[in-house]
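Visitor: return a 3D structure for these sequence lines:
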Amino acid sequence: MTDTRTDARTDTPGDVPPHLTRLTFHGPLSETRATALVRRLAAAKPSTVLDIGCGWGEFMLRVLDAVPQANGVGVDLREEDLARGRRDATARGLADRAEFVAESALGTTRGPVDLVLCLGAGQALSTAEPPLHTDEALKELRRLVADGGRALFGEGFWQRTPTPAELSGMWPGASAGEHYDLARLVDTAVAAGFRPEWIETANLDEWEEFESGYQADTEVWLATHPAHPLAAETRDRLDRHRARWLTYRGVLGYAYLTLVPAA
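Guide: As a prediction, the model looks like this:
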């Protein structure tokens, strides 16, 4: 899915609509699943972690907290998110082991590392059009992860082929060829040089918590600021996004693939 979402805003409360303050993770990920994923990845005892398209790096910080010997670098282009990540790292006593860098991940030379995280950011590793960006992203992940390490790849997939009517109600330019189904997605990871240690997918509760949390703070602001100069455009943006996600609800899936580099 093409991500056209904006950054978290840090302006004075009430001055502009708040955004993303209700989200822990920038994706459909529950506390239960996050805990299990961190436990599984920590068992491999990584000492170096690279988070591609890290946002505010919540998941990376949890890995670092679980693996005291590990150091991590998160790369992203959104300075607002990176600043949030730095604040969170400082608050949790991880600032000396977590670095947040504003740079492109395309062609990065920051590997090989023991653990690569790429959650919903495959497009940051490729210039190819969907769905081939997924193939290239997985090849890049294989280049970036050390032998014996792990990669965690989060990517969308079609749970079923969307109808033309559904596609017309999704994001601009949505097409049935934009994503693979789950089987093809896993096969693509294998072709890139991985073996799948664990295959899991976000459930509907996770999707609804994410999508509702994505807009909740702004919806509350709009309800209490109906005459604000930004109210009309905010209302339009919220209504368009809600209509889109209620269209792809149950059609677009999200996979978490824990991948082991093949010898």
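
Visitor: going forward, measure contacts and count neighbours with C-alpha atoms only.
Guide: Fine.

Visitor: show the pLDDT at Cys54.
Guide: Looking at Cys54, its pLDDT stands at 98.

Visitor: next, the nearest residue to it once chain neighbours are set aside: phi, psi?
Guide: Excluding the flanking residues, the one nearest Cys54 by CA to CA, 6 or more residues apart in numbering is Gly74, at 5.2 Å. As for Gly74, its main-chain torsions (degrees, to the nearest 10) stand at phi -110, psi 130.

Visitor: my guess is Gly74 contacts Arg97, does it?
Guide: No. Between Gly74 and Arg97 there is no contact under CA atoms under 8 Å: 11.0 Å.

Visitor: okay, the two: which has more neighbours?
Guide: Gly74 (26 against 18; other CA atoms under 10 Å).

Visitor: what sits against that one?
Guide: Applying CA atoms under 8 Å, 6 or more residues apart in numbering, we find Gly74 in contact with Leu50, Asp51, Ile52, Gly53, Cys54, Gly55, Gly57, Met60, Ala98, Glu99, Phe100, Val101.

Visitor: how about the strands in the stretch 1-150 of the chain?
Guide: With DSSP state E, counting those that start in this stretch, the ranges of strands along the stretch 1-150 of the chain come out as 48-52, 71-76, 98-102, 113-119, 145-158.

Visitor: and Leu106, how many neighbours?
Guide: The burial count assigned to Leu106 is 14, neighbours taken as other CA under 10 Å.

Visitor: ok, the one 10 residues further on next?
Guide: Counted with other CA under 10 Å, residues neighbouring Val116 total 29.

Visitor: then the one 4 residues further on?
Guide: Gly120 is surrounded by 22 other residues when neighbours are defined as other CA under 10 Å.

Visitor: kindly report the same for the one 10 residues further on.
Guide: The local packing of Pro130 (other CA under 10 Å) involves 17 other residues.

Visitor: again with Ala91
Guide: Residues lying near Ala91 (other CA under 10 Å) number 10.

Visitor: same check, this time on Cys118
Guide: Cys118, neighbours per other CA under 10 Å, totals 25.

Visitor: gap between it and Leu106?
Guide: For Cys118, the distance to Leu106 equals 13 Å [CA to CA, to the nearest Å].

Visitor: and the residue lying closest to Phe194 once chain neighbours are set aside, what's its pLDDT?
Guide: Nearest residue to Phe194, sequence neighbours excluded (CA to CA, 6+ apart): Pro261, at 4.5 Å. We have a pLDDT of 98 for Pro261.

Visitor: same check, this time on Phe210
Guide: 98.

Visitor: enumerate every residue touching it.
Guide: Leu23, Phe25, His26, Gly27, Pro28, Leu29.

Visitor: what residues sit buried inside the helix or strand where it lies?
Guide: Secondary structure assignment for Phe210, by DSSP states H and E: helix 204-224. Residues of helix 204-224 classed as buried by neighbour count (16 or more other CA atoms under 10 Å): 206-207, 209-219, 221-222.

Visitor: kindly report the same for stretch 43-52.
Guide: Quick answer for stretch 43-52 (16+ other CA under 10 Å): Lys45, Pro46, Ser47, Thr48, Val49, Leu50, Asp51, Ile52.

Visitor: restricting to C-alpha, output it in PDB.
Guide: Taking Å, rounded to 0.1, in the frame of the first residue of the first chain, the C-alpha atoms of stretch 43-52 are listed here in PDB:
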ATOM      1  CA  ALA A  43      16.800 -15.100  21.300                       C
ATOM      2  CA  ALA A  44      19.300 -14.800  18.400                       C
ATOM      3  CA  LYS A  45      21.300 -12.300  20.500                       C
ATOM      4  CA  PRO A  46      21.900  -9.600  17.900                       C
ATOM      5  CA  SER A  47      24.600  -7.100  18.700                       C
ATOM      6  CA  THR A  48      23.900  -4.700  15.800                       C
ATOM      7  CA  VAL A  49      20.400  -3.700  14.700                       C
ATOM      8  CA  LEU A  50      19.400  -1.600  11.600                       C
ATOM      9  CA  ASP A  51      15.900  -0.300  11.300                       C
ATOM     10  CA  ILE A  52      14.900   0.700   7.800                       C
END
